[in-house]
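[1] 3D model of this:
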Amino acid sequence: MLSLYSKTITHPDIFELRKMIEIPSAGLAALRRTEKDLVFLESCLNEFRSKDLSVQEMLQIDTSVHFLLAKCTHNPLTEAIMNAIILTYQKNTPPEEDKKYILIGLSDVIEAILDKDEAKAIKAMEDHLYYSRSYLQIRQLMK
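    Prediction:
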């Protein structure tokens, strides 16, 4: 199993890798997603729109969506790298008051993939990662 576990790996290191992997992967997922993939994507979209979610539920949905997007590329290496990224990020759970930041822009990524819109998926993932990075920077400043 691919592992990114290291005491020297920082959030900026992981974020840099995420930009390199997840942005083009979102576009590829839009091009390659199958009808079977649609069932899972729509389920994730409906789940986080349907109710008030706890931080743990949001993190689970976020994790599921990011891994599902990697699966939609139908490239096993993308899946392996995304799994390693997810495992590295799961070490830190944000406090309840920060939950609104977890899923910002992720529905736009899913919708673009559902529409098979490569350019829109890439832009939406860029935006989602921008929000994630901004959130992490603000949390670091507040510590």
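
[2] what residue ranges in this protein score low on pLDDT?
    Across the chain, residues meeting the criterion (pLDDT under 70) sit at 1-7, 91-99, 134-143.

[3] can you give me the helices in the protein?
    Under the criterion DSSP state H, the chain contains helices at 11-32, 35-50, 55-72, 76-89, 106-114, 118-142.

[4] Name all residues that make contact with Asp115.
    Shown in contact with Asp115 (CB atoms under 8 Å, 6 or more residues apart in numbering): Ala30. Bear in mind the C-beta positions are built from the backbone N, C-alpha and C, glycine included.

[5] What distance do you get for it to Thr34?
    For Asp115, the distance to Thr34 (CB to CB, to the nearest Å) stands at 15 Å.

[6] one step back: pick the most buried one from the helices of the chain.
    Of all those, helix 106-114 has the most neighbours on average by mean count of other CB atoms under 10 Å, namely a mean of 21.

[7] Contacts for that one next, please.
    26, 29-30, 33, 38, 41-42, 44-45, 48-49, 62, 65, 69, 72, 120-121, 123-125, 127-128.

[8] Now tabulate the helices of the chain in CSV and tack on distance to Lys100.
    Formatted as CSV, the helices of the chain follow (distance: least, CB to CB, whole Å):
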stretch, distance to Lys100
helix 11-32, 20
helix 35-50, 12
helix 55-72, 9
helix 76-89, 18
helix 106-114, 12
helix 118-142, 10
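
[9] Excluding chain neighbours, what is closest to Cys72?
    Using CB to CB, 6 or more residues apart in numbering and skipping the chain neighbours, the partner closest in space to Cys72 is Ala29 (3.5 Å).

[10] from what I can see the one you found touches Ala121, true?
    Yes - counting by CB atoms under 8 Å, Ala121 is a contact partner of Ala29 at 6.6 Å.

[11] The most centrally placed residue in the chain and Leu59, how far apart?
    With distances taken as CA atoms, centre = their mean, His66 lies nearest the centre of the chain, 3.6 Å away. As for His66, its distance to Leu59 is 11 Å (criterion: CB to CB).
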